[in-house]
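K.L.:
give the three-dimensional model of this entry:
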Amino acid sequence: MIFLNAFLLSGTFCLIAQVLLDHTKLTPGHITSIFTVLGAGLAFFGIYEKLISWAGAGATVLISNFGNMLYLGVVEGYQEMGVLGLFSGLLVKSSAAISSAVIIAFLLALVFKPKD
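P.N.:
Sure thing, here's the model as predicted:
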C-alpha cells in the first residue's frame with residue numbers, strides 16, 4: 001500500500017507542477033521555489049510529517065521535502081541555540097541536500113556541454 005500512496009502523492013505534486021508550467025507564465029525555477037515554500041508551510045502546520053508517514057519516500061524525494069528540512073532545521077537550531085541557531089540549524093539540517101546538489105551539478109557540467 002505504501003507504494004501506491006507514494007505514487008499518488010508524488011504524482012499529484014507532479015501534476016500540479018505540470019499544470020502550473022503549462023497554463024501559467026511561471027518558469028521551472030518559480031515552481032521549484034513555490035514547492036519549497038509549500039513544503040515549509042506544510043511542515044509549520046504539522047502536515048508534512050503526516051505525509052511522510054503516509055507516503056514514505058513519495059514525500060521525501062520531492063523538492064517540497066527540502067522546505068520541510070529547512071523548517072525543521074530552523075526549529076531545532078532555535079531550540080538548541082536561540083536566535084543564532086536559526087541560521088546554523090538551517091545549514092546543519094539541509095547541508096547534505098545542498099552539498100549533493102552542488103557536487104552532482106559540477107559532475108554533470110564536466111560531462112555535458114551547454115547549449116549555444
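K.L.:
please count neighbours and contacts with C-alpha atoms only from this point.
P.N.:
Will do.
K.L.:
now do the strand or helix carrying residue 59: everything it contacts.
P.N.:
Residue 59 is part of helix 57-60, with elements assigned from DSSP states H and E. Identification of contacts with helix 57-60 by CA atoms under 8 Å, 6 or more residues apart in numbering yields 3, 5-7, 9-10, 51-52, 65.
K.L.:
in helices only, show me those.
P.N.:
Under the assignment DSSP state H, these contribute 3, 5-7, 9-10, 51-52, 65 to helices.
K.L.:
what is the nearest of these to residue 34?
P.N.:
Distances from residue 34 to those, taken as CA to CA, are shortest for residue 65 (12.1 Å).
K.L.:
I'd guessed that closest one sits against residue 39; true?
P.N.:
Yes. Counting by CA atoms under 8 Å, residue 39 is a contact partner of residue 65 at 5.8 Å.
K.L.:
quick one, longest helix in the chain?
P.N.:
In the chain, assigned by DSSP H, the helix with the most residues is helix 83-111.
K.L.:
name the helices or strands packed onto that helix?
P.N.:
Packing partners of helix 83-111 (3 or more CA pairs under 8 Å, 6 or more residues apart in numbering; DSSP states H and E): helix 64-81.
K.L.:
the inter-axis angle of the helix it packs on versus helix 83-111?
P.N.:
Angle, helix 64-81 to helix 83-111, by axes from the mean of the first three to the mean of the last three CA atoms, to 10 degrees: 140 degrees.
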